[in-house]
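# When you get a sec, could you give me coordinates for this:
(chains A and B)
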Amino acid sequence: MEKLTPDALRARIHAAIGEPEISGRGFDLGAAPARRRRWRRLDLGLGTAPTPVRAGALLAVVVAVASALTVGTVLHLRSLPKPAGSPSGPAGPTTHPTASAPSTLGAGPPVTAADGFLPEDVTAVSAGQWWVLGQDSAGCTGANCTRILATADGGQTFVSIPIPPAAVTGLRFRDPEDGWAYSSGTVWATHDGGAQWSAQTFQGMTIEDLETSGSYVYAVVCASGSAQSACSLERSPIASDGWQSIHLPGDVETSRYVPKSLNVHGGYVALAFRASAASEAGNPSRVLISSDAAEQFSEASICPETEGIVSLYAVSSEDVVATCATGNLVGVWSSDNGGAVFTPVQQGTTYQEPNWGTIAATSATHLALAGTRLLISDDGGQTFQVALDNGDGWSLVGFTTSEAGFTFSYPSGASDSGTPNGLWRTVDAGAQWYQVQLP
Amino acid sequence: MVFAAALGGTADESVQDAAEFEARLQPLYSEAIRLAYGMLHNSSLAEDAAQEAALRAWRARRNVREGSELRPWFLAIVANCCRDVRRSSWWRLGGGQAAVELTEPVSPDRNENREAVYDLRDALRRLGHRDRLVIVLRYYLDLSHEDVAAVTGQTETAVRARASRALRRLRLDLASEDDA
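Numbers count the residues shown, from 1 in each chain, chains lettered A, B, ... in the order given. Predicted coordinates for the structure are as follows:
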């Protein structure tokens, strides 16, 4: 046991707790009692934001309830490329529901082809502090095109920070100091807010996904250029760049499974793999879950009668939601025991998103589904409302808090290119979205 | 008058009463938010808890005995609000120990051992309400043992004993207990 002086002890406790981000608004005895959780969020940097897209008054009420929950402060976005199709065929039909989605919902400014900076990834450590990785669209080549923009005021202003000396495709920050950028076979780490980057190379391997939570950063690495994915999980303490391979149970490391999702939540780690061919015998999905920072894994059963898992999102170590490909469409599965048992959500209203639709959530009941449209549910996925329907596709949806989240838009005619053209943000759990104005 | 009535007040509870009460509470508010943040590790929840505590304090203002200090009384209400937050269903959706990611990231100094910082934060989260309250009051808000006792309604001896036990659970130890 460590023996500390009183001052050292106080310093240690202060460092561990940190300081609150206070809205600056004092208390108000005249505020409506109870459930007045909205006002704190009023100054998150929305001052000059464009007119948001409204998802409807009903949803706003729902969001007010959902906002009582605060979820991951480290943004959980899938960083895997948006699939152009699936083993079962091309992206599904785009028949839109009519019963649950009045035509006025989802109306918004058209997504236009972007000039200048094209966002590729976003990572956040709080509602106000986040980083956007992207490329300048013209007048540059290779790594010269890469830029990392940082904001500490909710997107009102951005500054460019130094970038790793190579093109990178993904970015995560654990806190304002510790972050990782990665490309095909290299993870670049910074421990000074991006001033300096150091490389860790995984020879002959591809970094498929990287996430950070708790005391660690995790990376899914797979053998390059092989149908046999031979994937492993690498883990490093956040500050020491001491990467170690974590043995994965079962035959995931050697079978024809490709990683679909790495999701971390404190010490909770969920790894989702999907059979690389539709004809693969056995379970089309493999989900490995750990509650002790990947020390031990168990295997979860999910959507065995489908074409396999598409995305997985842990709201907590108990509440986990996932999408699975069911023919050309996507279905929602959920678990309230950390993924030990997943059950399909019985759809009250068909939402019919294509089989590459990805999911995120702010609670067990409040879900966001990104596909050809961005849909929001307040009943655990039984019904969805259209939140955004003005592009040709939406992907990489995720939430930083119970209210702040991001998604990427894809331009019309380019939905399969894997290159988004816009970063959209919500600060009310999806009721309204606005396009982030990037310099 | 309007909001006094809305809060359950009577007609003779004037706006001036509320204004005076707000004026007394205002200097304590930032400390209340820090206490709530130390307990909940989330700014939004902390502000909500402090706001709720302010309303509860307003409703219960007649319980403050003449001449007694408002500060420990109000901080005790804040602590109770934090406990209610942690008991509520939407907190549990975050999942007890799984409430990890309800919390906001710390910003450790570059020279600090970040793993140690995160580990201590996790350990603080695992403490029970009373243990955590004593640690937060004593070592985060830097209150004296006497003041901690006033907030928690315990004796100073009990506070010292609880703090010592809680520190052991955090795998920390004080070089001296005479640090007040």
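
# Quick one: name the residues of the stretch 151-300 of chain A near chain B.
Within reach of chain B by Cβ under 8 Å from any Cβ of the partner chain, the stretch 151-300 of chain A has these residues: A:174-178, A:191-192, A:213-215, A:237-240, A:265-268. No exception for glycine: its C-beta is placed from N, CA and C like everyone else's.

# What pLDDT is listed against B:D122?
Note on B:D122: pLDDT of 78.

# on that earlier part again, which of the residues of the stretch 151-300 of chain A next to chain B fall within strands?
A:213, A:237, A:265, A:268 (DSSP state E).

# Surely the second one touches A:Y216?
Yes - distance between A:P237 and A:Y216: 6.1 Å, which falls inside the contact criterion (Cβ atoms under 8 Å).

# These two: which is more packed in?
A:Y216 (21 against 17; other Cβ atoms under 10 Å in any protein chain shown).

# I'd like the average pLDDT over stretch B:169-180.
So the average pLDDT for stretch B:169-180 ends up being 62.

# ok, now stretch A:292-311?
84.

# One more: stretch A:137-148?
74.

# if we can go back for a sec, ok, and the most crowded of the ones in strands among the residues of the stretch 151-300 of chain A next to chain B?
Ranking those using other Cβ under 10 Å puts A:H265 first, with 29 neighbours.

# partner residues bridging that residue?
On the basis of DSSP bridges, A:H265 is bridged to A:Y268.

# Against A:T212, how distant is it?
11 Å (Cβ to Cβ, to the nearest Å).

# still on that earlier bit, quick check on the residues of the stretch 151-300 of chain A next to chain B: which are buried?
A:174-178, A:191, A:213-215, A:237-239, A:265-268 (16 or more other Cβ atoms under 10 Å in any protein chain shown).

# which pair in these spans the largest distance?
Pairwise distances across those peak at 24.3 Å for A:H191 and A:Y268 (criterion: Cβ to Cβ).

# which residues do A:H265 and A:T212 both contact?
Shared contacts of A:H265 and A:T212 (Cβ atoms under 8 Å, 6 or more residues apart in numbering or on different chains): none.

# Pick out the residue of the stretch 251-400 of chain A closest to chain B.
A:G266 (2.7 Å; Cβ to the nearest Cβ).

# any idea how far B:D119 is from that residue?
12 Å.

# and if you look at A:G430?
Here the criterion is Cβ to Cβ. By it, A:G430 lies 34 Å from B:D119.

# Those two: who's more crowded?
Remark: of A:G430 and B:D119, A:G430 carries more neighbours, 31 against 16, as counted by other Cβ under 10 Å.

# give me the element the closest residue to that one other than its chain neighbours is part of.
The shortest distance from A:G430 to any non-neighbouring residue, by Cβ to Cβ, 6 or more residues apart in numbering or on different chains, is to A:I376 (4.5 Å). Using DSSP states H and E, A:I376 sits within strand A:374-377.

# helices and strands around the helix or strand immediately after that strand in the chain, which ones?
Sequence-wise, the next helix or strand downstream of strand A:374-377 (DSSP H and E) is strand A:385-388. Counting by 3 or more Cβ pairs under 8 Å, 6 or more residues apart in numbering or on different chains; DSSP states H and E, the packing neighbours recorded for strand A:385-388 are helix A:57-66, strand A:374-377.

# worst average pLDDT in these?
Least confident of the helices and strands packed on strand A:385-388, judged by mean pLDDT, is helix A:57-66 with a mean of 33.

# ok, back up a step: roughly how far apart are the residue nearest to A:G430 and A:S395?
From A:I376 to A:S395 the distance is 15 Å (Cβ to Cβ).

# Compare neighbour counts for the two and give me the winner.
Neighbour count, other Cβ under 10 Å: between A:I376 and A:S395, A:I376 has more, with 29 against 24.

# Per the annotation, how does chain B divide into domains?
Split into domains by automatic domain parsing, chain B comes to B:1-75, B:105-180.

# closest one to A:A293 among those?
That would be domain B:105-180 among those, by Cβ to Cβ, at 10.2 Å.

# The closest residue to A:R286 other than its chain neighbours: what's it in contact with?
When the adjacent residues along the chain are set aside, A:R286 lies closest to A:F273, with 4.2 Å between them (Cβ to Cβ, 6+ apart). Residues near A:F273 by Cβ under 8 Å, 6+ apart: A:229, A:231, A:252, A:257-260, A:285-288, A:309.
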